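Peer 1: Take this sequence and fold it.
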Amino acid sequence: MLKYLILSSGSCGNSYAFYDGRSTILVDMGLTRSGYIKRMEAHEIPTESVKALFVTHLHPDHAKGIKPFLRAESAPLYISDISKECNSDLIKKMGIDSLRINTFKMNESIQIDDFTITAFRTYHDSAGSAGFYIENGSKGIFLMTDTGQIPVAASQFASASDLLFIETNYDLNMLKCGPYSKKLQSRITGGFGHLSNEEGVLFAKKNAKRKSHVYFIHVSENNNDVKIIQSLAREEIESGIFVTVCERGQSYCGEIE
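Peer 2: Next up, the predicted model:
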């Protein structure tokens, strides 16, 4: 049994936990310390089981909780070698002890207890951003967020996964008619921005296997609506694939056996 927990998703903070009954792997820490503890305890995942924290990139909604996490926990932090090299000033500003940082290369696999974590490149305006393919026994987990383009390696990992977390950040019509400046709109829709509903849903349609569970994540508060994604997913994704669209800031928990 593998238990998973979306502690939070969206611009308010992102964090994911994967627990196999012995060890927990975290991805991102965009929550306060108290918020993280409260949600882990509510879903009966012991914080003492945490063996590592992997971070997709260093934007605040994914990384603002790193400093308090490292202060309280002995588990190592993993970011990409590119991220560490290119963000030295930011890392210092965030108060992260560089001695606590471990790095990975893209397409490198890291073994932690029964988890194997493989990073792949994503395309975002944060140097060294990454997505992850996580294996535990025969189960595969795919996590791709904050990318303006679909990475080459993504399809291979997604098609092998039982559980998929895929960004659907914005609805294009809402973005164009919304409050954001043209410059900010261009950033979001650009090659180093975010995935739209259509891009995320069609990627899932093409790559998710039957009986897998797809979570659409990182839904914009201002430029999207959960109902739009749900409607699009019903139209495009065949029956036999389970779909959940994550409300901003809400927690979701489940198991794969």
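
Peer 1: Walking through the stretch 51-200 of the chain, point out its strands one by one.
Peer 2: Assigned by DSSP state E, counting those that start in this stretch, the strands in the stretch 51-200 of the chain fall at 77-80, 101-104, 109-112, 115-121, 130-136, 139-144, 163-167.

Peer 1: Quick one: mean pLDDT over the fifth one.
Peer 2: For strand 130-136, mean pLDDT is 98.

Peer 1: Same check on the last one?
Peer 2: Confidence over strand 163-167 (mean pLDDT, whole number) is 98.

Peer 1: List the contacts of it.
Peer 2: Outside strand 163-167, the residues that touch it by C-beta atoms under 8 Å, 6 or more residues apart in numbering are 4, 6, 16, 139-147, 158, 194-195, 200, 203-204, 207-208, 212-218, 256. C-beta: built from backbone N, CA, C; applies to glycine.

Peer 1: cool, and the fifth one?
Peer 2: Residues outside strand 130-136 that contact it (C-beta under 8 Å, 6+ apart) are 2, 18, 20, 25, 27, 54, 56-57, 80, 83, 104, 106, 114-122, 140-145, 147, 151, 154, 157, 160-161.

Peer 1: The first one too?
Peer 2: Strand 77-80 is touched from outside by 52-55, 58, 66, 69-70, 96, 100-106, 110, 117, 119, 128-130, with contacts defined as C-beta under 8 Å, 6+ apart.

Peer 1: Partner strands of it and their direction?
Peer 2: strand 50-54 (parallel), strand 101-104 (parallel) (DSSP bridges).

Peer 1: From the chain's centre, how far out is it? Work that out for me.
Peer 2: 14 Å (C-alpha atoms, centre = their mean, to the nearest Å).

Peer 1: isn't residue 180 right up against residue 188?
Peer 2: Yes: the criterion here is C-beta atoms under 8 Å, and residue 180 meets it with residue 188 at 7.3 Å.

Peer 1: Keeping just the C-alphas, turn stretch 155-165 into PDB.
Peer 2: The C-alpha trace of stretch 155-165 is given here as PDB (Å, rounded to 0.1, in the frame of the first residue of the first chain):
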ATOM      1  CA  SER A 155       5.200  10.900 -21.900                       C
ATOM      2  CA  GLN A 156       7.400   7.900 -21.000                       C
ATOM      3  CA  PHE A 157       7.100   8.500 -17.300                       C
ATOM      4  CA  ALA A 158       3.400   9.400 -17.400                       C
ATOM      5  CA  SER A 159       2.400   6.300 -19.400                       C
ATOM      6  CA  ALA A 160       4.100   4.100 -16.800                       C
ATOM      7  CA  SER A 161       2.300   5.700 -13.800                       C
ATOM      8  CA  ASP A 162      -0.600   4.600 -11.700                       C
ATOM      9  CA  LEU A 163      -0.900   8.100 -10.200                       C
ATOM     10  CA  LEU A 164      -0.400  11.400 -12.100                       C
ATOM     11  CA  PHE A 165      -0.300  15.000 -10.900                       C
END
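
Peer 1: residues of that stretch that come out buried?
Peer 2: 157-158, 161-165 (16 or more other C-beta atoms under 10 Å).

Peer 1: now stretch 184-202
Peer 2: For stretch 184-202, the neighbour count (16+ other C-beta under 10 Å) marks 185, 188-189, 193-197, 199-202 as buried.
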